[in-house]
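Trainee: Here is a sequence with its predicted model. Questions after.
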Amino acid sequence: MGIFNFWKKKEEEKQENSLDFNSTILEKKERIIAKESLVVETLKTKVLKLTEELKREIVVLEEVDLKDSKSDQRLKFIVLENLANYVKSLERLIQDLENISNTKSEEYILEIQNAFTEFKEKSKVSREKSTYLIGKEIRDVKDSIGNFFKDIDDFIKEEGSFFSELNLLKEAEKISNEIKQLNKRKLDLDEEKIGFENEISSLSDELEKVLSSIKSQENNEEYKNQLNKKEQVEGLKEKLKKDLIELKNLVDFKMLSKMYHHDSKKLAIIKEYEDNFSKILYLENVKLLELIDDAKREKVIPRIGELKKVYSEISNLINNKNSAEILEEEKTNLEERIKEANSELEKRIENLKIFYEEEENLINQIKIILEKIDSNYRA
């Protein structure tokens, strides 16, 4: 596992880098938070200035008198009614702006935008109907709001480097959290890898003992008998396979299917035995025999009996194991388990390699972001 010694060294380097950029992110975050509190205070001051203006303009709107207007009384009533609704919308806007308590600059600006979006939607009709007879007072409100947004836009442009740093910091923190999650997955994967390594080591020790036992028995009679028995079993299996094919051809399933094509139940039996003809070796009641003619049945039944004897002989040879056979089985079983564990280990190694590469890529991304923050700060 030389590659893991290399990765271990790389991991130690990355942990040092991780600590380094985490402390750098924290340092830059503290600086940005300090700046952000000043930005939010400036925004609050601008909001306060607007709300004070709007309060004064509400007083003016409430004093509007249309008695001297020569317009239709019904029109004057509609205008004054909508003016009252417009004033209520302005008061709600002031309340919403004064209730903003967010200490995050971008969220604070978003809440301002949300307050004005709601105000615009709810006051649109009343403002338009109020302007039928009232002009200057409504324009003064519109100008105050317009000047406020221009002031906010200018301020955001002036603080462009701060907002750029803020977004870069968020991106760096997001990537930092991805690295933390990646490290958790890596730790889990590494534990699994160590588990498979230990399993392979333990199984290899067991296999070595079994191989040693097999070697010590190579010259005794039981081991020689086991080899002969193995050859005997393989020979009987080959004979049984060949005889089963001959008997299946004798039955002639194609002809039987044509004969009983009208009977779905009998066709199902034919299909069952055609797909798994070897089941005749261990079934007491072979239903297929009921479907073939007498002449052919007389030939098939004795052949089935002969095949069952061969099958029984193979089973007895396999089941009556001596110590040499038991050791051979243990050897095969251990080799298979080692193969499976190695396969799982290779998957973990490959995944760890991918995780290490992914982590390195994320660390490089953070480095680039931190350099951009430094560049903005110096500018």
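Mentor: That came through, no problem.

Trainee: for the record, mean pLDDT for whichever strand or helix holds Ile179?
Mentor: If you go by DSSP states H and E, Ile179 is part of helix 160-217. Mean pLDDT, helix 160-217: 89.

Trainee: Which other helices and strands does that helix contact?
Mentor: Judged by 3 or more CB pairs under 8 Å, 6 or more residues apart in numbering; DSSP states H and E, the packing partners of helix 160-217 are helix 2-62, helix 105-130, helix 323-378. C-beta coordinates here come from the backbone N, C-alpha and C atoms, glycine included.

Trainee: Output those in TSV; the columns should cover mean neighbour count.
Mentor: As requested, these are arranged in TSV below (neighbours: other CB atoms under 10 Å):
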stretch	mean neighbour count
helix 2-62	14
helix 105-130	16
helix 323-378	15
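
Trainee: need the least confident one among those helices, by mean pLDDT.
Mentor: Looking at the helices and strands packed on helix 160-217, the lowest mean pLDDT belongs to helix 2-62 (a mean of 78).

Trainee: if we can go back for a sec, any chance of the helices and strands packed on helix 160-217 in CSV, plus distance to Glu199?
Mentor: Formatted as CSV, the helices and strands packed on helix 160-217 follow (distance: least, CB to CB, whole Å):
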stretch, distance to Glu199
helix 2-62, 16
helix 105-130, 52
helix 323-378, 5
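
Trainee: Among these, which comes closest to Leu83?
Mentor: Leu83 sits nearest to helix 105-130 of all the helices and strands packed on helix 160-217, at 4.5 Å, using CB to CB.

Trainee: Tell me the helices and strands packed up against that closest one.
Mentor: helix 2-62, helix 73-98, helix 136-158, helix 160-217.

Trainee: if we go to 6 Å?
Mentor: helix 2-62, helix 73-98 (3 or more CB pairs under 6 Å, 6 or more residues apart in numbering; DSSP states H and E).

Trainee: Let me know which of these is the nearest to Lys372.
Mentor: It is, among the helices and strands packed on helix 105-130 and with distance given as CB to CB, helix 2-62, at 10.9 Å.

Trainee: For stretch 133-148, list every residue counted as buried.
Mentor: 133-134, 137-138, 140-141, 144-145, 148 (16 or more other CB atoms under 10 Å).

Trainee: which one in those residues is the model shakiest on?
Mentor: Where pLDDT dips furthest among the buried residues of stretch 133-148: Leu133, at 84.
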